[in-house]
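Chemist: no letters, just coordinates:
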């Protein structure tokens, strides 16, 4: 079966190609996405059309972003090809603002290549104001980082940025055998819905990103040392943060408070 499906395309490691082949998983994903004709639907990395084809059977048009020209050539022979709006681009540098028309938010989904999933999610956060929701297949380790809470070994910069921007839901786990070639890691299908309101609004997200980057580069050090270039011990205490804690012990809201302090006091260049 696998030979018949993939004889026209050799999965390329440089693009992180592991194609979804489990029909049950595919159907479950489509049910969760629940695509509608009135929506702006964007698939990142359609691959061999495991999701693309059934979704095209439900809607009149689908935007796809695919870096591999060989895969796009294979799609030309499909009966749904006329429904596709194709961008032969790198999803990590693509200008998603091109897809935002008439104030209609876009819905993004895809079986993400493992080698770009974190970078892509962080890149999409910068365009969060034009996104309605995101549904991604990612490696379990990344999913664990997205939802991790303070004190958890997976908690880090990605956790903080993701939880600041989005409500995150782990929908279901996926076995390696659901893909071809079979990856060495487990996968998770995850939903990210941008927040409409923030518990604490961060005035400059670049400052939050900067602080978390510094803190977690030295995650084994306590904050009085790792953030010493930005905050004095007295200032951390004034902001309600114990300077003897490590980076992984500080909540998302506390990091937001730190970012806003630097913004308000013009302590960041």
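Modeler: Ah, there it is. Computed from a predicted model, the values in this text were never measured in an experiment.

Chemist: helix or strand for residue 64, just tell me which one.
Modeler: Element membership for residue 64 (DSSP states H and E) is strand 62-65.

Chemist: neighbouring strands of that strand in the sheet, and parallel or not?
Modeler: Sheet partners assigned to strand 62-65 using DSSP bridges are listed as strand 40-44 (parallel), strand 84-87 (parallel).

Chemist: residue 115 is nearest to which of those?
Modeler: strand 40-44 (13.4 Å; Cβ to Cβ). For every residue, glycine as well, the C-beta is placed using N, CA and C.

Chemist: mind listing the strands in this structure by residue range?
Modeler: 19-20, 40-44, 62-65, 84-87, 106-111, 131-139, 166-174, 179-180, 187-194 (DSSP state E).

Chemist: now do the second one and strand 131-139, the angle between them.
Modeler: Same thing as strand 40-44. Calculated by axes from the mean of the first three to the mean of the last three Cα atoms, to 10 degrees, strand 40-44 forms an angle of 20 degrees with strand 131-139.

Chemist: need the strands of the chain in TSV (columns: distance to residue 219).
Modeler: Output for the strands of the chain, formatted as TSV (distance: least, Cβ to Cβ, whole Å):
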stretch	distance to residue 219
strand 19-20	34
strand 40-44	30
strand 62-65	34
strand 84-87	38
strand 106-111	30
strand 131-139	21
strand 166-174	21
strand 179-180	32
strand 187-194	24
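
Chemist: redo those as a markdown table? Include distance to residue 27 and mean neighbour count.
Modeler: Formatted as a markdown table, the strands of the chain follow (distance: least, Cβ to Cβ, whole Å; neighbours: other Cβ atoms under 10 Å):
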| stretch | distance to residue 27 | mean neighbour count |
| --- | --- | --- |
| strand 19-20 | 11 | 20 |
| strand 40-44 | 16 | 23 |
| strand 62-65 | 17 | 22 |
| strand 84-87 | 21 | 17 |
| strand 106-111 | 14 | 23 |
| strand 131-139 | 14 | 22 |
| strand 166-174 | 12 | 16 |
| strand 179-180 | 16 | 20 |
| strand 187-194 | 12 | 21 |
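
Chemist: could I get those as a markdown table with distance to residue 148 and mean pLDDT?
Modeler: A markdown table is the format used below for these (distance: least, Cβ to Cβ, whole Å; pLDDT from 0 to 100):
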| stretch | distance to residue 148 | mean pLDDT |
| --- | --- | --- |
| strand 19-20 | 25 | 88 |
| strand 40-44 | 24 | 98 |
| strand 62-65 | 28 | 98 |
| strand 84-87 | 33 | 97 |
| strand 106-111 | 23 | 97 |
| strand 131-139 | 14 | 98 |
| strand 166-174 | 10 | 98 |
| strand 179-180 | 24 | 88 |
| strand 187-194 | 13 | 98 |
